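Novice: Provide a 3D model corresponding to the input given below.
(chains A and B)
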Amino acid sequence: MLKVSKLNVQIDGKDVLRDLSFKVNAGEVHAIMGPNGSGKSTLSKMIAGYPGYTVNSGDIEYEINGTYKSLLKMEPDERAKDGVFLAFQYPVEVPGVSNFAFLRMAFNSICRHQGAPELSEEKFRKLVEEKTKLVEMAPDFLERGVNAGFSGGEKKRNEILQMAVLQPRLAILDETDSGLDIDALRVVANGVNKLRSPDRAMVLITHYQRLLNFIVPDYVHVLANGRIVRSGGRELALELEKNGYNAYL
Amino acid sequence: MVTMPISDFEIPSEVSELICDSRSTDAAIYFYNGEWLENHSKMGSGIRVVSGGPEKTANIEIKGSASQRVAVIHLYGNRREAALQKPFSVSCVQNYDVSSEAHIVETHLALNSIEFTVQNAATFVVETGAQVTFGQTFWLGDEATSKNKVNLKLHQAASFSGFALNVGSSCLNNEIETDLSGKNSSCELHSLILATRRHRVNTISTVRHSVADTKSEQLIKSIVNEAGKVQFTGNIKIAKDAQKSNARQLSQTLLLSRGGEAITEPQLDVGADDVTATHGATIGQLDEEQLFYLMSRGLARNEARHVLALAYQREVFDRVSSGFVRGHLERIHSRLPAEMSAEFSDGERAL
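Specialist: Okay, the predicted model is just below:
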């Protein structure tokens, strides 16, 4: 579903991703682990279409209906409409726009693109209220401004709620565990696990093994200095926890 | 000018619904090109319209038992055929004398795009302990200009919350003079200014803290698009004896086009030594991080920009605690053509 090949990216003239390659199939959950500054967040933002990064060479391709097309040529909203979702490390506050209105705009926009019928406000409210249970959010959460004044944990839950409502095919979760206490982590991880499906691929980006106790990945990659230096199964994460990243720096 | 007997004038129903929710209004006074529409007006106690002479004046006195929710509606339009229309000038005067609680809206609305000038004056005397919420709207069209003067005098423990919606007019000149002359008096003066096409909005606000323990707060939010221009001069004058005064002023401008212009000049003149006085001014563009966030959820660039521009405007409405005034302003705002509230056409790029 996702094919990153020999990707070289610069930010402000500095090489951040170097010859990065990996592949994710439908139904798989991949974890990308690495120390600070290894390029993890750059990779996640690249997939979602963050502007301002220079791609020197390589490609990010995404499969739709059996055909791969380059994500790099697509606007962020076009990627989202085709089923790409990024759960942000630092979800952005948008005061003045209610969570509910925002979710409905996003949902209907994706429906229009995919040729599905839009939902009336009433029907959509039912759908969203059902999804709030998944991340144990009170429905009044929906009337507040998008992430405005939310705690760190609430913001992360809100990202997973958005994912549950928008039902992406490819979800990138950028440090979804950072800043969460153990209870909040469990809630968020449960939400993510319920969204695992044979049609959906997920990429978890994280520093710590801890998250992978709750969301068990099929593959683990170590990202260091902008390239994947090692790949393996779940046991690789346990090894990293024991030995740290020093061997890869 | 070819004139039509004023008695023949009918208020378009969409206009009356837009500007006045009759169920929640104690009094609604209509004027057309400065002429009082007596037959259409719903008068309340303490309201008098002085007709005749060069100026048509509405004297509105609101005491404890008098009307509390008042709408003053000035409509402007051409008479007979547009081809015969010549530029004209209208003068409007409102004197508000309030000694209890009052919610007042004053709306100036052109029914079609015509060339005319409005000279408007609104004077408030807010008596001891009285509370006023006031919403003033100007939406006059691409050919019209106005000179609007608002004078406020606040007695002891009086409070005034004013909200201005300035949109869709060739040129609006506002001069707001506030005198906090009574101890413990306070005012809020907030504005939402939308200048697009070649619209100009100039505002000079002067708040005088004449005595001790007075408070003022101002939030001026503008959106400038296309070749619009906004100028704000905010004077705060704190007298020598006005100790413990608290004055805050913030002017924020969202500049969305290369051709737009925004000028902000805050001026503080502080004579007392134990006061809090702050002012701030920002001129900026839409936040790129917010834009990316909305787009990453499937909103197209122009849709995301429009959502952010509306969210930016929301803060002004959120400060209006009076449901009557807020509802009125929101109804008008919701009817603005999309491009006025900063919707973006395809191909139009940010800075």
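Novice: just the helices in the chain please.
Specialist: Going with chain A. Here chain A has its helices, by DSSP state H, at A:40-48, A:76-81, A:99-114, A:121-134, A:152-166, A:182-194, A:210-214, A:234-243.
Novice: Chain B, not that one
Specialist: Remark: helices assigned in chain B by DSSP H are B:13-19, B:288-295, B:301-318, B:323-334.
Novice: rewinding a little: so can I have CSV of the helices of chain A showing mean pLDDT and mean neighbour count?
Specialist: The C-beta positions use only the backbone N, C-alpha and C, and glycine is treated the same way. Compiled in CSV, the helices of chain A are given as follows (pLDDT from 0 to 100; neighbours: other Cβ atoms under 10 Å in any protein chain shown):
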stretch, mean pLDDT, mean neighbour count
helix A:40-48, 93, 22
helix A:76-81, 96, 23
helix A:99-114, 94, 19
helix A:121-134, 93, 15
helix A:152-166, 93, 22
helix A:182-194, 89, 17
helix A:210-214, 89, 19
helix A:234-243, 87, 15
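Novice: on that earlier part again, right, so the helices of chain B: which one is the most enclosed?
Specialist: Stretch with highest mean neighbour count among the helices of chain B: helix B:288-295 (a mean of 21; mean count of other Cβ atoms under 10 Å in any protein chain shown).
Novice: Close to chain A: what parts of chain B are there?
Specialist: Residues of chain B lying close to chain A (Cβ under 8 Å from any Cβ of the partner chain) are B:288-290, B:292-301, B:303-304, B:307-308, B:310-315, B:318.
Novice: Could you pull up the residues touching whatever residue of the stretch 201-350 of chain B ends up closest to chain A?
Specialist: Relative to chain A, the nearest point of the stretch 201-350 of chain B is residue B:311 (3.0 Å; Cβ to the nearest Cβ). By Cβ atoms under 8 Å, 6 or more residues apart in numbering or on different chains, the residues touching residue B:311 are A:94-97, A:145.
Novice: out of those residues, which is most surrounded?
Specialist: In terms of neighbours by other Cβ atoms under 10 Å in any protein chain shown, the contacts of residue B:311 top out with residue A:94 at 23 neighbours.
Novice: Cross-check the contact I'm expecting between that one and residue A:148.
Specialist: Yes - using Cβ atoms under 8 Å, residue A:94 is in contact with residue A:148, at 6.9 Å.
Novice: show me what contacts the residue minimising distance to the centre of chain A?
Specialist: Nearest to the mean C-alpha position of chain A, counting by Cα atoms, centre = their mean, stands residue A:172 at 2.2 Å. Contacts for residue A:172 were tallied using Cβ under 8 Å, 6+ apart; they are A:44, A:47-48, A:84-87, A:202-203, A:205.
Novice: one more time with 7 Å, if that's ok
Specialist: Residue A:172 makes contact with A:44, A:47-48, A:85-87, A:203, A:205 under the criterion Cβ atoms under 7 Å, 6 or more residues apart in numbering or on different chains.
Novice: Contacts only, for whichever residue of chain A sits closest to chain B.
Specialist: Closest residue of chain A to chain B, Cβ to the nearest Cβ: residue A:96 (3.0 Å). When contacts are counted by Cβ under 7 Å, 6+ apart, residue A:96 touches A:145, B:311-312, B:314-315.
Novice: Mind putting the residues you listed into a markdown table with distance to residue B:204?
Specialist: Below are the contacts of residue A:96 laid out as a markdown table (distance: Cβ to Cβ, whole Å):
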| residue | distance to residue B:204 |
| --- | --- |
| A:145 | 33 |
| B:311 | 28 |
| B:312 | 23 |
| B:314 | 26 |
| B:315 | 23 |
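Novice: could you dump those residues to JSON lines with distance to residue B:206 and pLDDT?
Specialist: Output for the contacts of residue A:96, formatted as JSON lines (distance: Cβ to Cβ, whole Å; pLDDT from 0 to 100):
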{"residue": "A:145", "distance to residue B:206": "34", "pLDDT": "92"}
{"residue": "B:311", "distance to residue B:206": "31", "pLDDT": "92"}
{"residue": "B:312", "distance to residue B:206": "26", "pLDDT": "92"}
{"residue": "B:314", "distance to residue B:206": "28", "pLDDT": "90"}
{"residue": "B:315", "distance to residue B:206": "24", "pLDDT": "89"}
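Novice: And those residues, which two are furthest apart?
Specialist: The two members of those with the most space between them (Cβ to Cβ) are A:145 and B:312, at 12.1 Å.
Novice: Give me the nearest residue to residue B:100, chain neighbours excluded.
Specialist: Nearest residue to residue B:100 in three dimensions, chain neighbours excluded: residue B:64, at 4.3 Å (Cβ to Cβ, 6 or more residues apart in numbering or on different chains).
Novice: what about stretch A:62-70 and chain B, any contact?
Specialist: No - using Cβ under 7 Å from any Cβ of the partner chain, stretch A:62-70 never reaches chain B; the gap is at least 14.4 Å.
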